[in-house]
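**Student:** Sequence unavailable; structure follows:
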């Protein structure tokens, strides 16, 4: 269970217990029973959302791993001020996906930039440009990558524990986005992309691309 969800779970659990208690002592009348059932269902969903499964990371310096779980919705060539000639791979994370984010390569954090912005639907075409997001630059002796946690219409809290000059290992947990979101990763154009549009990916497990 992701520790970031403890406060959410505690609040909803308390509400569920309160409503269930009131429903019990009121003789199970429907106008108390229905809210207690809805609260119980929301508690189960919250527990499911904040799950944090252990994953066996296979580190490889030539591989770029997916930073999150989701579905690939865009792959396009871009020019980036940090990576240079690059490709941007975008994935959409539904509320049912695991939302723990993982580091795609081992290396040193060059920068962490938080940009305030809009909360358009995460699948909107321009969400990468206008939505609130946390961007990280990461490099090692072989490669530079840039990756972003992007807020959506419902996802309004981005958690990122990385700081400039941190040394990280491929597959390390580094944060999450609460309740549905989008992630971008910008990689060198020289890397061979191994995923396709609409393909499901898993953070720390799916190899998005590799350097020849």
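**Tutor:** Nice, thanks for sending it over. Predicted, not measured: the structure shown is a model, and the values here were computed from it. Numbers count the residues shown, from 1 in each chain.
**Student:** Determine how far the helix or strand of the chain with the lowest mean pLDDT lies from the middle of the whole chain.
**Tutor:** Every helix and strand of the chain was ranked by mean pLDDT, DSSP states H and E. The lowest is helix 127-130, at a mean of 76. The chain centroid and the centroid of helix 127-130 are separated by 16 Å under C-alpha atoms, centre = their mean, to the nearest Å.
**Student:** and what of stretch 73-85?
**Tutor:** 20 Å.
**Student:** about what we covered before: what comes up buried for the least confident helix or strand of the chain?
**Tutor:** Across helix 127-130, burial judged by 16 or more other C-beta atoms under 10 Å covers 127-128. Every residue, glycine included, has its C-beta placed from N, CA and C.
**Student:** Within its sheet, name the partner strands of the helix or strand that it is followed by and how each one runs.
**Tutor:** Following helix 127-130 in sequence order, the next helix or strand is strand 133-139 (DSSP states H and E). According to DSSP bridges, strand 133-139 has the following sheet partners: strand 107-115 (antiparallel), strand 144-150 (antiparallel).
**Student:** pLDDT score assigned to residue 193?
**Tutor:** Residue 193 is assigned 97 on the pLDDT scale.
**Student:** Could you give the number of residues near it?
**Tutor:** 16 (other C-beta atoms under 10 Å).
**Student:** Who are the contact partners of it?
**Tutor:** By C-beta atoms under 8 Å, 6 or more residues apart in numbering, residue 193 lies in contact with 75, 87, 89, 187, 208-209.
**Student:** picking that back up, what about the strands paired with strand 133-139, which gets the closest to residue 40?
**Tutor:** strand 144-150 (30.1 Å; C-beta to C-beta).
**Student:** any idea of the mean pLDDT in that closest one?
**Tutor:** Rounded mean pLDDT across strand 144-150 is 94.
**Student:** what does it contact?
**Tutor:** 64, 67, 80, 82-84, 101, 104-105, 110, 122, 127-128, 131-139, 158, 160, 175-177, 181-188.
**Student:** Try it again at 7 Å.
**Tutor:** 64, 67, 80, 82-83, 101, 104-105, 122, 127-128, 131, 133-138, 158, 160, 175, 177, 181-188 (C-beta atoms under 7 Å, 6 or more residues apart in numbering).
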